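>>> can't give you the sequence, but here's the structure:
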């Protein structure tokens with residue numbers, strides 16, 4: 001009987017950086033996914049909040065320093081800890097966001113049917129695979145209305 005190997009657990013392990021070069025090693029391993037989430041959230045916060053934070057800092061420099069630290073260090077750390085703990089539908093936040101985005105893209109792409117270089121809305125017309133003419137398809141609501149009457 002053949003042996004079956006399950007690599008799912010091995011493939012789901014986090015990628016950890018422990019060595020920078022042949023000569024340099026890190027004292028503690030750094031997980032790549034939390035590091036990417038941290039630096040990307042810092043970049044997004046910088047792009048969105050840099051001008052308001054700068055204006056706040058010039059208006060009140062003592063409190064502005066605290067707000068800078070909160071915005072650029074505490075908020076990304078909170079986002080990373082949230083992304084590690086929250087598991088909607090058994091997925092991580094990144095995988096969940098990707099699944100929602102792919103669902104939305106598929107939903108948007110399914111609404112449009114290209115037929116002889118013309119765009120036809122789905123639900124009203126659908127290209128027939130057996131003929132060159134579009135086939136009219138009734139929606140579920142129209143069928144229900146006809147059954148009720």
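Looks like it arrived, so ask away. Computed from a predicted model, the values in this text were never measured in an experiment.
>>> List the residues that contact residue 94.
33, 37, 83 (Cβ atoms under 8 Å, 6 or more residues apart in numbering). No exception for glycine: its C-beta is placed from N, CA and C like everyone else's.
>>> Can I have the buried ones of these as a PyMOL selection?
Restricted to buried positions by 16 or more other Cβ atoms under 10 Å, the PyMOL selection for these reads:
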select buried, resi 37+83
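>>> Now render the contacts of residue 94 as a markdown table, adding secondary structure and pLDDT.
As requested, the contacts of residue 94 are arranged in a markdown table below (DSSP: H, G, I helix; E, B strand; the rest coil; pLDDT from 0 to 100):
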| residue | secondary structure | pLDDT |
| --- | --- | --- |
| 33 | helix | 84 |
| 37 | helix | 88 |
| 83 | helix | 82 |
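>>> possible to save the contacts of residue 94 as a markdown table with distance to residue 53?
Output for the contacts of residue 94, formatted as a markdown table (distance: Cβ to Cβ, whole Å):
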| residue | distance to residue 53 |
| --- | --- |
| 33 | 27 |
| 37 | 21 |
| 83 | 23 |
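>>> Fine by me, we can end here.
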